[in-house]
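Asks: Have a look at this prediction, sequence included:
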Amino acid sequence: MKRLIVAAGLGLGLIGSAIAGPLTQGIEFTGGENSLASLVLQRTQNIVAEDGVLKLQIAINHAQKLKGYGFVLQYDQSKYEFVEARQVNQNLLDANSGQPALFLASNKTPGQVAVGAMKVDGQAVSGDGALVEFTFKTTRTPLASDFQILDGVMVDLAGGIDAITHIEMGSLEPMPADYALEQNVPNPFNPSTTIDYRLPEAGDVQIVIYNLLGQEVRTLVQETMDAGFHSVVWDGTDAFGKQVASGIYIYRMSVGDFSHVQRMMLLK
């Protein structure tokens with residue numbers, strides 16, 4: 001495949017580090033509205049890691065009058081088996097449009113997936129939003145070094161073409177699908193214990209320890225946290241740094257509309 005053409009002449013190619021690759025030969029980068037736009041590669045949000053399945057998402061930030069795009073995702077084929085590439089539901093390019101963007105994908109080159117899309121309704125979009133989701137089969141823990149957006153192009157409404165030169169790597173850690181406050185480990189404990197909790201989205205988190213009389217002993221967490229898997233350690237001290245007595249304690253996590261309580265025992 002010499003070049004993958006999307007709609008009216010959008011080519012997919014390799015520009016990484018601003019050096020054109022074989023699939024972009026012959027394309028003239030005229031410059032347009034998207035010289036400051038960037039692509040972000042990260043693990044798909046709100047997806048619990050399935051056994052042997054990895055889903056990655058490409059989003060775009062600071063798009064201006066974007067009509068189409070194309071790029072190549074390179075991956076370590078010794079660790080990953082490509083399954084599919086598809087447009088994300090409610091992706092940015094389809095925003096405020098009654099007609100879905102034309103989307104094409106090709107993985108004819110080993111270790112590479114070329115994708116591209118073009119709006120065909122005569123309109124353009126601006127802003128931030130998701131574009132494409134990639135699915136791979138793997139039993140390995142994903143590393144940032146396993147993937148690279150080699151290069152690509154963006155086309156604006158007036159036909160100006162910019163090279164994709166701003167690329168960001170987001171988190172490749174799996175994202176939880178729901179809120180949870182886990183049982184502390186170890187339990188019973190002495191002198192300290194670890195409390196794990198998970199957040200499907202960022203939020204203002206509060207984790208408070210109480211005694212059996214309902215009196216507040218210590219606030220362990222009270223801050224805005226990112227989505228993901230988190231943990232906090234309690235060393236058995238109160239808000240004044242004094243060791244508390246042996247016994248049963250209650251800890252509660254609150255974030256948004258979610259609230260959950262667990263019990264733990266301190267033995268000395």
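Replies: Okay, I see it. Quick caveat: nothing in here was measured; it's all calculated off a predicted structure.
Asks: Mind naming the longest strand for this structure?
Replies: The longest strand of the chain (DSSP state E) is strand 53-75.
Asks: next one: that strand to chain centre, how far?
Replies: 12 Å (C-alpha atoms, centre = their mean, to the nearest Å).
Asks: Output it in PDB, but only the C-alpha positions, please.
Replies: Extracted C-alpha coordinates of strand 53-75, given in PDB (Å, rounded to 0.1, in the frame of the first residue of the first chain):
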ATOM      1  CA  VAL A  53      -7.300  -7.500  25.900                       C
ATOM      2  CA  LEU A  54      -5.900  -4.000  25.700                       C
ATOM      3  CA  LYS A  55      -7.800  -1.000  24.500                       C
ATOM      4  CA  LEU A  56      -6.100   2.300  23.600                       C
ATOM      5  CA  GLN A  57      -7.600   5.600  22.700                       C
ATOM      6  CA  ILE A  58      -6.300   8.500  20.600                       C
ATOM      7  CA  ALA A  59      -7.700  11.900  21.400                       C
ATOM      8  CA  ILE A  60      -7.000  15.300  20.000                       C
ATOM      9  CA  ASN A  61      -6.600  18.600  21.800                       C
ATOM     10  CA  HIS A  62      -6.800  22.200  20.500                       C
ATOM     11  CA  ALA A  63      -8.300  21.200  17.100                       C
ATOM     12  CA  GLN A  64      -9.300  24.200  15.000                       C
ATOM     13  CA  LYS A  65     -11.800  23.900  12.100                       C
ATOM     14  CA  LEU A  66     -10.700  20.300  11.700                       C
ATOM     15  CA  LYS A  67     -12.100  18.500   8.700                       C
ATOM     16  CA  GLY A  68     -10.000  15.400   8.600                       C
ATOM     17  CA  TYR A  69      -6.900  13.600  10.000                       C
ATOM     18  CA  GLY A  70      -4.600  10.600   9.400                       C
ATOM     19  CA  PHE A  71      -1.800   9.000  11.300                       C
ATOM     20  CA  VAL A  72       0.100   5.800  11.900                       C
ATOM     21  CA  LEU A  73       0.300   4.000  15.200                       C
ATOM     22  CA  GLN A  74       3.300   1.800  15.500                       C
ATOM     23  CA  TYR A  75       3.300  -1.000  18.100                       C
END
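Asks: for that strand, packing partners?
Replies: With contacts taken as 3 or more C-beta pairs under 8 Å, 6 or more residues apart in numbering; DSSP states H and E, strand 53-75 sits against strand 10-11, strand 38-43, strand 81-87, strand 112-118, strand 125-137, strand 147-156. Just so you know, the C-beta spots here come from the backbone N, C-alpha and C atoms, and that holds for glycine as well.
Asks: I'm done for today, thanks for sticking with me.
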